[in-house]
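Trainee: This is the structure alone, sequence omitted:
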């Protein structure tokens, strides 16, 4: 059994995006709002996995901080599929 653990603070610090800074106060009208963003995942991430004795799951969390009110928090799960270069494996060129 192999387990690699990250302390919660370290994991959050390593994989968090800096807050979008808004200098002036803004009021959002009622409705649906989108904030486009992108984040490049490290190439060394293991593929998502669900097994009898463990799992690897990934989520993205967004927080809309509101002064004097509860924050709005949303979380979405996503799947990471690793890229395997089979050309680097000498066995694939062998017949049958």
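Mentor: Cool, the structure landed. Not measured: the values here are computed from a predicted model. Numbers count the residues shown, from 1 in each chain.
Trainee: The chain: strands as residue ranges?
Mentor: Taking DSSP state E as the criterion, the chain contains strands spanning 49-51, 54-56, 58-64, 72-78.
Trainee: what mean pLDDT does the last one have?
Mentor: Summarised as a single mean, pLDDT over strand 72-78 is 89.
Trainee: Repeat that for stretch 49-69.
Mentor: Across stretch 49-69, the average pLDDT comes to 86.
Trainee: For residue 94, which of the strands of the chain is the nearest?
Mentor: Nearest to residue 94, of all those, is strand 49-51, at 28.7 Å by Cβ to Cβ. For glycine as for every other residue, the C-beta is placed from the backbone atoms N, C-alpha and C.
Trainee: Neighbouring strands of the closest one in the sheet, and parallel or not?
Mentor: In the sheet containing strand 49-51, its partner strands are strand 54-56 (antiparallel), by DSSP bridges.
Trainee: so what pLDDT did residue 24 get?
Mentor: We have a pLDDT of 58 for residue 24.
Trainee: do the same with residue 1
Mentor: If you check residue 1, the pLDDT there is 40.
Trainee: Next: residue 95.
Mentor: 73.
Trainee: Which residues are in contact with it?
Mentor: The contact partners of residue 95, taken as Cβ atoms under 8 Å, 6 or more residues apart in numbering, number zero.
Trainee: re the thing from before, how about the strands of the chain in CSV, adding distance to residue 34?
Mentor: Shown next, in CSV, are the strands of the chain (distance: least, Cβ to Cβ, whole Å):
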stretch, distance to residue 34
strand 49-51, 30
strand 54-56, 28
strand 58-64, 11
strand 72-78, 12
